[in-house]
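Peer 1: here you go, sequence then predicted model.
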Amino acid sequence: MTEQKLKLLEQYNKALSLYKKRKWEEALKEFQKALEIVPDDGPSKLYIERCKEYIKNPPPEDWDGVYVMKTK
């Protein structure tokens, strides 16, 4: 694994941890930092969109971290 991929993985995991704690704004910033390392990282892009959605419309208090698609 390249050093770039290791840095990305470290940054992504940091962001994902914040996401799971419902810290959307902080997670969003950390996922954006991941894209600075690897601009075309699909998972980071996906979670950025989810963070933006949850900032506008937070999931219920009993949210278990699972994303529910609203459209196909």
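Peer 2: That came in fine, so what should we check first? Just so it is clear, the model here is predicted, and its values are computed rather than measured.
Peer 1: so where does the residue positioned nearest the centre of the chain fall, helix or strand?
Peer 2: Geometric centre of the chain, nearest residue: residue 47, 3.4 Å, by CA atoms, centre = their mean. Using DSSP states H and E, residue 47 maps to helix 42-56.
Peer 1: that helix packs against which elements?
Peer 2: For helix 42-56, the packing partners by 3 or more CB pairs under 8 Å, 6 or more residues apart in numbering; DSSP states H and E come out as helix 3-20, helix 24-37. (C-beta placed from N, C-alpha, C; glycine too.)
Peer 1: elements contacting the first one?
Peer 2: This points to helix 3-20. So helix 3-20, by 3+ CB pairs under 8 Å, 6+ apart, packs with helix 24-37, helix 42-56.
Peer 1: and the contacts of it?
Peer 2: Residues from elsewhere that reach helix 3-20 (CB atoms under 8 Å, 6 or more residues apart in numbering): 1, 26-27, 30-31, 33-34, 37-38, 41, 43-44, 47, 50-51, 65.
Peer 1: now swap in the shortest one and tell me
Peer 2: By CB under 8 Å, 6+ apart, the list of residues contacting helix 24-37 from outside reads 4, 7-8, 11-12, 14-16, 18-19, 41, 44-45, 47-48, 51-52, 54-55, 58.
Peer 1: and those, which are buried?
Peer 2: Buried positions within the contacts of helix 24-37, assessed by neighbour count (16 or more other CB atoms under 10 Å), are 8, 11-12, 14-16, 18-19, 41, 44, 47-48, 51, 54.
Peer 1: the closest residue to residue 55 other than its chain neighbours - how many residues pack around it?
Peer 2: Once flanking residues are discounted, residue 55 sits nearest to residue 24: 4.7 Å by CB to CB, 6 or more residues apart in numbering. Counted by other CB atoms under 10 Å, the residues lying close to residue 24 total 20.
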